[in-house]
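Trainee: Would you be able to build a 3D model of this:
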Amino acid sequence: MKRQELLLKEIALMLERQDMLSRLTESQCLDEYGYSETHCIDFIGRLELPNVTKIAEHMRMTRGAISKMTKKLLARGLIEKYTLETNKKEIYFRLTAEGQTLFDEHAKRHRLWEKRDMEFLARYPKEKLDTVYTFMQEFNAYLETQIQTLAE
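Mentor: Numbering: from 1, shown residues only. Purely as a prediction, here's the structure:
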C-alpha cells in the first residue's frame, strides 16, 4: 500500500476516533444536535450582536444555510430574535436559558478535549509539530478549495 493511502486511512481513523471520543465525553444534552447546530449556538453565545451575516462569516457557511439553522434553533427554543431600538430592521439572536446550557456544555467539552490532546502533543518536539502543522494547513486549504469548487 502506498504511503499516501496509508496516510489517508490514518486521517479517516483519527476523525472516526475523535467523533467517538466526542460522543463518549459529551453530555446527553448535546446528543440530539449536530456539529453545525452546536457551533451556531457557540457563535451566538460568543459574538457581539450576532446576526445571520456574522454567524455565516464565522462558520464559513452561506447566509441561507444559517437562516435555515437559526429557524430550527428558534423552533427548539434555544435562541430568540431581537432588534435594537436604533435599528428595528436588523434581526439579532441571543441564547435562551436552554441555549445557554448547551453553550456552557459545549465550552466545557471543548476545554476537556483541548486539555486531553495538548497532553498528547506535548510529547513531540517543536520541529515535528511544525511539520504536521504545515501539512494540516495545506491540506485544509486544499479541502476548502474543493468545497468552493463543488459549491459553485
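Trainee: So which residue is smack in the middle of this structure?
Mentor: Central residue of the chain (C-alpha atoms, centre = their mean): residue 39, 4.3 Å from the mean position.
Trainee: so what secondary structure elements neighbour the helix or strand bottoming out on mean pLDDT in the chain?
Mentor: One helix or strand of the chain scores below all others by mean pLDDT, DSSP states H and E: helix 3-25, with a mean of 86. Contacting helix 3-25 under the criterion 3 or more C-beta pairs under 8 Å, 6 or more residues apart in numbering; DSSP states H and E are the following elements: helix 97-121. C-betas here are computed from N, CA, C, even on glycine.
Trainee: Excluding covalently adjacent residues, which one is nearest to the residue nearest to the centre of the chain?
Mentor: residue 59 (6.2 Å; C-beta to C-beta, 6 or more residues apart in numbering).
Trainee: Residue 66 is in contact with the one you found, correct?
Mentor: Yes: counting by C-beta atoms under 8 Å, residue 59 does reach residue 66; the two are 6.8 Å apart.
Trainee: Please identify which of those two sits among more neighbours.
Mentor: Looking at residue 59 and residue 66 with other C-beta atoms under 10 Å, you find the greater number of neighbours at residue 66, namely 24 against 16.
Trainee: what about whichever helix or strand that one is part of, average pLDDT?
Mentor: Taking DSSP states H and E as the definition, one finds residue 66 inside helix 63-75. The average pLDDT for helix 63-75 rounds to 96.
Trainee: which secondary structure elements does that helix contact?
Mentor: helix 35-46, helix 52-59, strand 79-84.
Trainee: winner for burial among the ones you listed?
Mentor: Neighbour counts (mean count of other C-beta atoms under 10 Å) averaged over each of the helices and strands packed on helix 63-75 peak at helix 35-46, with a mean of 18.
Trainee: Let's test this: mean pLDDT of that helix, rounded?
Mentor: 93.
Trainee: Run through who's touching that helix.
Mentor: Applying C-beta atoms under 8 Å, 6 or more residues apart in numbering, the contact partners of helix 35-46 are 30, 33, 50, 54-55, 58-59, 61, 65-66, 69-70, 72-73, 78-79, 93-95, 99-100, 102-103, 106-107.
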